[in-house]
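In: here's my sequence, what's the structure:
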Amino acid sequence: MTGKQPVVFVERIESKIFLIRGQKIMLSAQAELYEVEPRVLVQAVKRNIERFPEDFMFQLNPEEFANLKSQIVISSWGGSRRAAPYAFTEQGVSMLSSVLRSARAVQVNIEIMRAFVRLRQMLASNAEFSRRLSSLDKKYDIRFKAVFDAIRELMTPLEPKKKRPIGFTANIEGDVK
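Out: Model prediction:
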């Protein structure tokens, strides 16, 4: 790796990766990363459509688009849009550098690939941690049941004892007790 700063920071890219249809994707609306307008990006893709099979790119359906807009919490996201944006999978994003044909596209794609890899590693480590925690829970559940029961017992508040009243009470009928 050279000492140069990345063209786009991985954290900025990660915030633009969404999970749709069980896949991590980036939208054509994120074309600003490449310093091009979304329509320019879509035109380049359409001119090279044979490079973008279904598993590389798909168009969001109206429900997915509405859901995504609500998640992003921007009502006019993308301005007045006639069609839903295209979603590019990791392989589709990789293919974009070949159709955009600019030095910036290549550099941006390198950073995007790093972001996808980093997200994949984080998901894998979280899954491994969850699996190990579940395994430990099952393994030690029996051994520590007594300890957990004792802790729960100590945590339950004690019922207050009924206190005897101090002093004397007067009987309304005239008897003093």
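In: mind checking pLDDT for residue 53?
Out: You'll see residue 53 listed with a pLDDT of 93.
In: what does stretch 16-24 contact?
Out: With CB atoms under 8 Å, 6 or more residues apart in numbering as the test, stretch 16-24 has contacts from 25-27, 30, 33, 58, 60, 64, 68, 71, 87, 89-90, 115-116, 119. (Each C-beta comes from the backbone N, C-alpha and C, glycine too.)
In: try 6 Å this time
Out: Identification of contacts with stretch 16-24 by CB atoms under 6 Å, 6 or more residues apart in numbering yields 25, 26, 30, 64, 87, 89.
In: these: which two are farthest apart?
Out: Among those, the pair separated by the greatest distance (CB to CB) is 30 and 64, at 15.6 Å.
In: between the two, which has more neighbouring residues?
Out: The neighbour comparison of residue 30 against residue 64 (other CB atoms under 10 Å) goes to residue 30, with 21 against 17.
In: residues contacting the more buried one?
Out: Counting by CB under 6 Å, 6+ apart, residue 30 has contacts residue 16.
In: what's the neighbour count on residue 68?
Out: 20.
In: check the secondary structure at it for me.
Out: helix (DSSP: H, G, I helix; E, B strand; the rest coil).
In: dihedrals phi and psi, the closest residue to residue 71 other than its chain neighbours?
Out: Nearest residue to residue 71, sequence neighbours excluded (CB to CB, 6 or more residues apart in numbering): residue 18, at 7.8 Å. Main-chain dihedrals, residue 18, degrees, to the nearest 10: phi -120, psi 160.
In: and residue 18, how far from residue 54?
Out: 18 Å (CB to CB, to the nearest Å).
In: next: residue 106.
Out: Using CB to CB, one gets 25 Å for the distance from residue 106 to residue 54.
In: okay, those two: which has more neighbours?
Out: residue 106 (15 against 8).
In: my read is that that one contacts residue 99, right?
Out: No: at 11.7 Å, residue 106 and residue 99 do not qualify as touching, with contact defined as CB atoms under 6 Å.
In: mind listing the helices for this structure?
Out: 10-14, 38-47, 62-72, 90-100, 103-155 (DSSP state H).
In: those: which one's closest to residue 162?
Out: The nearest among the helices of the chain, by CB to CB, is helix 103-155 at 22.1 Å.
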